[in-house]
Structure formats: C-alpha cells, structure tokens
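>>> Sequence first, predicted coordinates after that:
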Amino acid sequence: NKTIKVTSQEGYIYSPGYPTTSYPTYLNCTWMVEVQPDQTVDISFLAFQLSYTYSCDFAPDYVQIGNTNRTYEYKYCDQDDPGAFMSKGNRAWVHFRTGRGRNRGFWLYYKAVGEPTAADQPNPNYRQEG
C-alpha cells in the first residue's frame, strides 16, 4: 500500500506496466494529486482496460477516484469508460487495486484548473539588487 503525492500543475498517471505489459497482481496503489489553493483538479482517462468481471461490486481489479482517500465518489472496473472528474477542492485521489487478473491498465491526464492565488504568483515588480 503506497501513496504517491503528485504536485505538478498537469501531467499523466499510468498504471504500473502500462502500456507495454500487463499490470502486476495484488497491487494497492494510491496517487494524491494536489494543486495550488483555489484551484481544482480535472482528470480525464485516456485509456482504461482492466480484467473482466461480472460485477464491479465484487471486482478484484478496480480504480476509484474521489475528493478524499476515505470516501471515493467513483469506482471503475472491467472495460468501463470513466468520465471526466473535477475535484471539489485542490486535491484528487486515485486508488488502483488488483487481484489475480491482468490486463493493460489505465492512463489518465490531470491538470489544475483556475488561477493560483496571488501569493503563489511571482511578483513582477521584485528585483534583486546585486
């Protein structure tokens, strides 16, 4: 069980092994995407292919996405086509769990939406004398 903190303004997250090999079995990975205060996180899945299951409720391989790591708003499995996700605050959580199944996995794009607060922007009038 590992949580990876991602703090860039935009980027990509891939499941381990994507796209050249299947994801490993028995993974438990979490990514926490954090952007500047007063911004939100927009997430779009570019590819999604997990092992087959008859019901997402009992799926051993799935991706969850949400605003906290305690309660995820969405759960995707199998050949779902996840829709875009917009966080309510400046963090979004992506959780990936696998069982014995194997498949290509997923690839997603995230970006910060909104302007950073004034304190986070450089001051154009500041000059360092030297």
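Looks like it came in fine. Residues are numbered from 1 along each chain as shown.
>>> can you tell me the helix or strand for the spatially most central residue of the chain?
Taking C-alpha atoms, centre = their mean as the criterion, residue 94 is the residue nearest the geometric centre of the chain, at 4.1 Å. Per DSSP states H and E: residue 94 is located in strand 91-97.
>>> Likewise for residue 29?
Going by DSSP H and E, residue 29 is part of strand 28-34.
>>> measure the residue nearest to the centre of the chain to residue 77 for me?
14 Å (C-beta to C-beta, to the nearest Å). C-beta: built from backbone N, CA, C; applies to glycine.
>>> Kindly report the same for residue 96.
Using C-beta to C-beta, one obtains 11 Å as the distance from residue 96 to residue 77.
>>> How about residue 104?
Residue 104 is 14 Å from residue 77, by C-beta to C-beta.
>>> Please say which of these two ends up with more neighbours.
residue 77 (22 against 18; other C-beta atoms under 10 Å).
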